[in-house]
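S.K.: okay, here's the prediction I keep looking at, along with the sequence it came from:
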Amino acid sequence: MDADRQAAALERIAAHEPELAARLILMTLPAAAGHIRGPLSFDIDVDRLEPRRVAILDGRARVEEAGGRGGADFRLHTDPRTLVDLATGHSGPVRLILRGRLRIRGKRRHALRLRRMSATGVALGDIVGAGGTLDPDVLFRILPYLVEPEWTRGHDFTVRYQVTGHGGGDWYIQARDGERLAVTHQPPQDREVVGTARVSFEAYQRMAAGEVTPIRAMQSQLTTIEGQIHPITVLGRWIDRSQGGDEAELRREEAQRRLQAWRAGLYAADGAGQGQGDPGHEREAARDGRALLDYRQLYALWERENWKVQEIDFAVDREQWVTTPREAQESTIWTLGSFFVGEERVTADLAPFLPAAPSGEIELFLATQLVDEARHAAFFDRFGAEVMCLSADDIRGRMSEVEQILLPPWREVFDDGLRDVARRIKARPDDLGLFVEGIATYHLVIEGFLAVTGQTLIREYMLEHSLYPGFCEGFGLVERDEHRHVAFGVRFLRDAIAEDARHRHTVERVVTDLARRAAYVFAPPYVQDPSDYVSYGYSSRQIYGLAYRTLKRRMRVLGIEIPPAEELMPGPIEEPTPQPAR
């Protein structure tokens, strides 16, 4: 925030709560007093506040309790309102002394140096860098004077910030749809607290000073969130905006809103009836070459008999996305991008399985699964286009955009694992042993071990924190489909092993080798040690535990015991049902 905006904000605070304004000024002293030529030592005694001693030497200022000690060059006594006038430069020290608003005992000529001290133009990082301490009570209580009421239009929520340790406390912040924020120490009686952000006093200093971004604080568990995340995210954006630090995010948000509006209805059908858009049908005879349905419209027509991508409501998702900072968006793009590219990849790689199916019944099921996978790819593409605002204007372009950020473990599983076996099946469609290898790869590892585990944990996290409700609805339908696919895979493999016991070795070899490599796909890009990390509120022990237990149960149905977890997983597992890490 520039000096003029800071001065205006101080004036607004002082007009209603002069003591709060004075506390803010005293908090800035380590940085503000550093502009004064030293050596110099003086006491500041403000009515109704604890006296402070400021010692300046070699361009650095140390601020501590005055404690009635001698040795200061002078002692300054004033009231909170006068301190604001002095700090903002509204009135100089000589003028205030002559008016009796500022009293100085000691070497008055030294006090003239205070003209170089100003609380404006000082950033929170400057205070911490100068050895000062940020007072969370001051920073939370000044928010009603910094956040413009207009920013809060359309928002009505109450969140709690809890700073633990010495100097901390609880603050309840209410957004009231176009009114000024309200900040209290006690929960409001008539309002629900929808989310809590918890942080230690030490971590709060780093975050408030800008040393750690909110998304990094969550990834490293410096901050934990209970309840809804989005209101806390929105409030964080307002705080950044009040400090003049949200301009880039505002430009991104505006651009993404325009793109969302332009792409709305990307997968909508055009109302074609019995003729399904076929110009050869008597009811569609009026269609010419320019009026033919496009591929998305034809896809939407088919969905009328299934769950439909275009009927999922992304209105809340779009708003949550554009108000989420870029760093958090990039983390989500990586997470969901692996599913997006994966669904398109498995759609293409499943096709060679159909002509290789050993029976008509298996072929029919695999045909329905192929359609499911295409629908899943369309679901992720719509979310990527209309909500995440991926840059490209077509599905292949958006998929290519996301594929660039995927990590080597993903490529090893999907390229060296699934794509390789799909190509070999295409070349030898009559090789039943190769078909068994493909089903074990596709249904047990790619879908059962990887996809269902990730879908379950990510969706539970989003539901718990009220994030992206439209996406959660569609993701749940995707997960339901995947369970059906896995059930088919287990049944087929059981029948294959029953007919020829040699297939047991094929399944055991493929699953054990590929699952061991696939487990590394769970680790996000920021993870340094894949044996111990936290992702989406779950520890690696919980993630690996769920993946291992479900694989073990499916393999046991086939009469196969998998290796112990310490041999198969990158790190230790936790046995109980996963719950979000706190």
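M.R.: It's in.
S.K.: buried stuff in stretch 29-37?
M.R.: L29, P30, A31, A32, A33, G34, I36 (16 or more other Cβ atoms under 10 Å). Backbone N, C-alpha and C define where each C-beta goes, glycine included.
S.K.: which residues are in contact with T224?
M.R.: A197, R198, V199, M218, R582 (Cβ atoms under 8 Å, 6 or more residues apart in numbering).
S.K.: same deal with R502?
M.R.: Counted by Cβ under 8 Å, 6+ apart, R502 has contacts G433.
S.K.: mind checking how far it is from Y442?
M.R.: 20 Å (Cβ to Cβ, to the nearest Å).
S.K.: and whichever strand or helix holds G236, what does it pack against?
M.R.: According to DSSP states H and E, G236 maps onto helix 230-242. Helix 230-242 sits against helix 143-146, strand 156-164, strand 169-176, strand 193-200, helix 247-263, with contacts defined as 3 or more Cβ pairs under 8 Å, 6 or more residues apart in numbering; DSSP states H and E.
S.K.: next helix or strand past the worst-scoring helix or strand of the chain on mean pLDDT?
M.R.: Here the helix or strand of the chain ranked lowest by mean pLDDT, DSSP states H and E is helix 295-303, holding a mean of 65. Sequence order places helix 315-322 as the next helix or strand after helix 295-303, per DSSP H and E.
S.K.: these two touch, right, P188 and I173?
M.R.: No. Counting by Cβ atoms under 8 Å, P188 does not reach I173; the two are 10.2 Å apart.
S.K.: please say which of the two ends up with more neighbours.
M.R.: Neighbours per residue, other Cβ atoms under 10 Å: of P188 and I173, the larger number sits with I173, 25 against 12.
S.K.: if I look at that one, what pLDDT would I see?
M.R.: Turning to I173, the model gives it a pLDDT of 98.
S.K.: give me the common contacts of P188 and I173.
M.R.: Joint contacts of P188 and I173 (Cβ under 8 Å, 6+ apart) are T158, A182.
S.K.: skipping its backbone neighbours, what lies nearest E363 in space?
M.R.: Of all residues not flanking E363 in the chain, A357 sits nearest, at 3.8 Å (Cβ to Cβ, 6 or more residues apart in numbering).
S.K.: need the contact list for the one you found.
M.R.: Here A357 is in contact with E363, L366, F435 (Cβ under 8 Å, 6+ apart).
S.K.: tell me the spacing between it and V507.
M.R.: From A357 to V507 the distance is 18 Å (Cβ to Cβ).
S.K.: same check, this time on R105
M.R.: As judged by Cβ to Cβ, R105 and V507 stand 89 Å apart.
S.K.: more neighbours, these two?
M.R.: Each of R105 and V507 has its neighbours counted (other Cβ under 10 Å); V507 has more, 23 against 13.
S.K.: now for the more buried one: which residues touch it?
M.R.: V507 touches V436, A440, L444, L493, I497, M555, L558, I560, counting by Cβ under 8 Å, 6+ apart.
S.K.: outline the domain layout of the protein.
M.R.: Listed domain ranges for the chain are 3-129, 136-242, 309-568 (source: automatic domain parsing).
S.K.: closest to A255 out of those domains?
M.R.: domain 309-568 (7.5 Å; Cβ to Cβ).
S.K.: straight-line length of that closest one, end to end?
M.R.: One end of domain 309-568 to the other measures 37 Å (Cα to Cα, to the nearest Å).
S.K.: ok, now stretch 60-78?
M.R.: Counting by Cα to Cα, you get 24 Å between the two ends of stretch 60-78.
S.K.: ok, residues contacting that stretch?
M.R.: 26, 29-34, 36, 40-47, 50-56, 86, 96, 101-108, 110-111, 114, 130-132.
S.K.: so for it, what gets flagged as buried?
M.R.: For stretch 60-78, a neighbour-count test (16+ other Cβ under 10 Å) marks A61, R62, V63, A66, A72, D73, F74, R75, L76, T78 as buried.
S.K.: need those residues in CSV with distance to H166 and secondary structure, can you?
M.R.: What follows is the buried residues of stretch 60-78, written out as CSV (distance: Cβ to Cβ, whole Å; DSSP: H, G, I helix; E, B strand; the rest coil):
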residue, distance to H166, secondary structure
A61, 23, strand
R62, 20, strand
V63, 18, strand
A66, 21, coil
A72, 27, coil
D73, 32, coil
F74, 32, strand
R75, 29, strand
L76, 28, strand
T78, 29, strand
